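A.B. asks: using only what follows, build the 3D model:
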Amino acid sequence: MSGKDGTMSGAELRKALGSRSIDHVVVLGANGTMGYGSAALFTQAVPRVTFLARSREKAEAGLQDAIKQVRSPTVASRADVGDYGEDLEKALKTADIVFEALTEDLEIKREIFDKVEKSRREDSIVATVTSGLSINQLCEGRSDSFRKHFMGLHFFNPPNVIVGTELIAGDDTDPELVDFVEAFSRVRLGREIVRTSDSPAFAGNRVGFKVLNEAAQLAEQLGPVLVDRLVGPYTGRALTPLATIDLVGWDIHRAIVDNVHQNAADEAHATLKMPDYMANMMEAGVLGNKTGGGFFKRDGKTRLALDPASGDYAPEADIKLPDLSYIDDVAKMHSVGRYAEGMALFLAAEGDEAAIARKVIAGYISYAFHRAGEVTETITGIDMIMGAGFNWAPPSVLVDTMGAGSAVTMIEQAGLEVPAVLAEAASGGGKQRFFDHPQVNVGKYFVAS
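C.D. replies: This next block holds a predicted model:
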């Protein structure tokens, strides 16, 4: 394989893709959002996809949800359903790929892998969609064949919309199988593949949830409405951070940040501790949109915002915000394609609130560049998964847009460590542009409001 961060040439893709065929995929946990979304995706490329869950009824519900999600008759025509009893054993006899999409719990996944290992074909690929659990730990103690054929294939939700996908090999995974899965995923499934190391939360969630959790911490003192305004679309993201946590679920957020906080003692360790108020509210059943609300919820047509101190909600329209007119000025520049000028206005904006927003963005850039060489081979892998997985402006795009010198100044003013490669670029001794993908229109990341 040639190229950086797992990028394969056209010839390599064709060669790898021709090494085997995929006719049957079995999806475990097909009643969950990621399970049925992934299963639906596979039906677009594979003749047969088996939806399995704890009961046939749950699997059938997953199939119906998949049909509704992608609105394609192909799903139903290529799918069958079953449970983890006799149906699992039978399905595994012909499965080319066994795709595990159970809840983000190490022991629960291990239990299903016990069943898979007993019945799988020796040459079947076993992939997990885990959002950050260790690939090596998940297959620890398994047979040589299992470990050789095991890897992470982390789709982002919903898979039929978000093409960014992380491919994670374990220490014993066959490199040729990794090449095949990348080729299959790119060519047949239309994925934008980024290979990552087997590190906590891999690349996208490692960087992305650091920002999300920092926003959750800030919400305790500033309130959710102000935080989502400060770190809003004008900073290069399609969806505001706290609304994102509500969408993915507080339980998923907790699983990811707890994993990183416990297993990665990096320079941003403190920003990855989930706030106590979130833990307390979760004990009372608050999980975000899936339970009717989190940082935000609706009362009819009225959007309500959480007060983290009391746990009460108030109409968002009644919450008074400070003067944030600079945001409208930045958004106006973005709306006409003057992105560099918009970023210049952001960097020059006065007031404590603008400084807080710059600190969050400085942290995003600094943290991402410091992870290059750890979670991906270069910053390119992080850039691509943040763009294709999170729909955020990649860190390199922000640096290129504001200029390396300005980015370094922002990071220094935030009291954060400046990545060496940025310091070198700012001094004129390094590369002056970090993002070089002619097929990516960077303007799509700068949302006007």
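
A.B. asks: where does the record place the domain boundaries for this structure?
C.D. replies: Here the domain parsing of the chain from automatic domain parsing is 10-196, 204-445.

A.B. asks: any chance of JSON lines for the ones you listed, columns mean pLDDT?
C.D. replies: Below are the domains of the chain laid out as JSON lines (pLDDT from 0 to 100):
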{"stretch": "domain 10-196", "mean pLDDT": "96"}
{"stretch": "domain 204-445", "mean pLDDT": "96"}
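
A.B. asks: just put those in JSON lines and tack on mean neighbour count.
C.D. replies: No exception for glycine: its C-beta is placed from N, CA and C like everyone else's. JSON lines is the format used below for the domains of the chain (neighbours: other C-beta atoms under 10 Å):
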{"stretch": "domain 10-196", "mean neighbour count": "20"}
{"stretch": "domain 204-445", "mean neighbour count": "19"}
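
A.B. asks: helices of the stretch 301-449 of the chain, start to end?
C.D. replies: 325-335, 339-348, 352-371, 379-389, 395-402, 404-413, 420-426 (DSSP state H, counting those that start in this stretch).

A.B. asks: ugh, wrong one, I meant the stretch 51-200 of the chain
C.D. replies: 56-70, 73-78, 86-92, 106-119, 135-138, 144-148, 175-187.

A.B. asks: quick one: contacts of the longest one?
C.D. replies: Taking contacts as C-beta atoms under 8 Å, 6 or more residues apart in numbering, the residues outside helix 56-70 that touch it are 30-33, 35-37, 39-41, 43-44, 51-53, 75-76, 79, 81-83, 87, 158, 160.

A.B. asks: which ones among those residues map onto strands?
C.D. replies: Phe51, Leu52, Ala53, Ala79, Val81, Gly82, Asp83 (DSSP state E).

A.B. asks: so the fifth one sits against Arg54, correct?
C.D. replies: No: taking C-beta atoms under 8 Å as the definition, Val81 is not a contact partner of Arg54, at 11.9 Å.

A.B. asks: now the helices of the stretch 51-200 of the chain as CSV including distance to His253?
C.D. replies: Shown next, in CSV, are the helices of the stretch 51-200 of the chain (distance: least, C-beta to C-beta, whole Å):
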stretch, distance to His253
helix 56-70, 22
helix 73-78, 29
helix 86-92, 31
helix 106-119, 18
helix 135-138, 21
helix 144-148, 30
helix 175-187, 26
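
A.B. asks: which one of the ones you listed lies closest to Gly430?
C.D. replies: In terms of C-beta to C-beta, the element of those nearest to Gly430 is helix 175-187, at 29.9 Å.

A.B. asks: from Ser119, how far off is the residue sitting furthest away from the middle of the chain?
C.D. replies: Computed with C-alpha atoms, centre = their mean, the maximum C-alpha offset from the centroid of the chain is found at Glu86, amounting to 34.1 Å. Using C-beta to C-beta, to the nearest Å, Glu86 is found at 10 Å from Ser119.

A.B. asks: try Ser9
C.D. replies: Between Ser9 and Ser119 the computed distance is 37 Å (C-beta to C-beta).

A.B. asks: do Phe295 as well
C.D. replies: For Phe295, the distance to Ser119 (C-beta to C-beta) stands at 44 Å.

A.B. asks: repeat for Ser310
C.D. replies: The value you get for Ser310 to Ser119, if C-beta to C-beta is used, is 52 Å.

A.B. asks: also Glu374?
C.D. replies: 37 Å.

A.B. asks: cool, and Ile319?
C.D. replies: Ile319 is 56 Å from Ser119, by C-beta to C-beta.

A.B. asks: enumerate every residue touching Ile162.
C.D. replies: By C-beta under 8 Å, 6+ apart, the neighbours of Ile162 are Phe155, Phe156, Ala388, Gly389, Asn391.

A.B. asks: closest to Ala355 out of those?
C.D. replies: Set against Ala355, the nearest of these by C-beta to C-beta is Asn391 (25.8 Å).

A.B. asks: got the contact list for the closest one?
C.D. replies: Going by C-beta under 8 Å, 6+ apart, Asn391 touches Ile162, Arg237, Ala238, Leu239, Tyr445.

A.B. asks: and what of Asp96?
C.D. replies: Applying C-beta under 8 Å, 6+ apart, we find Asp96 in contact with Arg20, Ser21, Ile22, Asp23, His24, Val25, Ser124, Ile125.

A.B. asks: and Gly415, by the same measure?
C.D. replies: Applying C-beta under 8 Å, 6+ apart, the residues near Gly415 are Lys359.

A.B. asks: let's see 10 Å
C.D. replies: Residues in contact with Gly415 (C-beta atoms under 10 Å, 6 or more residues apart in numbering) are Lys359, Ala362, Gly363.

A.B. asks: please apply the same query to Glu424.
C.D. replies: Counted by C-beta under 10 Å, 6+ apart, Glu424 has contacts Ala404, Val408, Val418, Gly430, Lys431.

A.B. asks: wait, the fourth one sits on Gly405?
C.D. replies: No: counting by C-beta atoms under 10 Å, Gly405 is not a contact partner of Gly430; they are 11.5 Å apart.

A.B. asks: anything in contact with each of the two?
C.D. replies: Leu422, Ala423.
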